[in-house]
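turn this into a structure:
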Amino acid sequence: MEYEQLLEEAYEKIKPIEANKDFDRWEIPQADISISGNKTTILNFAQICSALRRKQEHLSKFLSKELASYSKIEGDKLVINRKLSKEIINEKIQLYIAKYVVCLECKKPDTEIVKEGGFLFVHCLACGAKHSLGRV
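Numbers count the residues shown, from 1 in each chain. Modelled structure (predicted):
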């Protein structure tokens, strides 16, 4: 057989790669919240951080700034000193994912935050891209 014929047969046998198919295997749990007075507790905070592969302190600091409220990590939970809806919290977590988790180049969630010379970077483990997050 000719090379071109073999190549065409191979292309017919493989499935096309769908864009962002990796997100199918990557499920972020929705925030499970409890409201008590003026405090909102994210009960599954440690599970969310684990799924994102980020430190609890980093996500906590981000949510505190975005929600303009003091927050405190208590074991596997995050207590926010403000009454908030589940929708608002999940929206802010999605914003965090877009800014600090998903690679800007390949759109995959396989990233890590690395510190180099006083700067923070999002380093993609899938494609090798590196994006600056600014000074520490």
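
quickly find the element holding the closest residue in space to Leu104 that isn't next to it in sequence.
Spatial nearest neighbour of Leu104, excluding adjacent residues (C-beta to C-beta, 6 or more residues apart in numbering): His131 at 5.4 Å. C-betas here are computed from N, CA, C, even on glycine. Using DSSP states H and E, His131 sits in strand 130-135.

direction included, what does that strand pair up with?
In the sheet, strand 130-135 lines up against strand 119-124 (antiparallel) (DSSP bridges).

pick out the residue nearest the middle of this structure.
Ile97 (3.4 Å; C-alpha atoms, centre = their mean).

how about the one helix or strand that residue maps to: buried residues?
Taking DSSP H and E as the criterion, Ile97 maps to helix 86-100. By 16 or more other C-beta atoms under 10 Å, the buried positions in helix 86-100 come out as 89-90, 92-93, 96-97, 100.

what does stretch 77-86 give?
Those would be 77-80, 84, for stretch 77-86 by 16+ other C-beta under 10 Å.

got the contact list for Ser64?
70-71, 80 (C-beta atoms under 8 Å, 6 or more residues apart in numbering).
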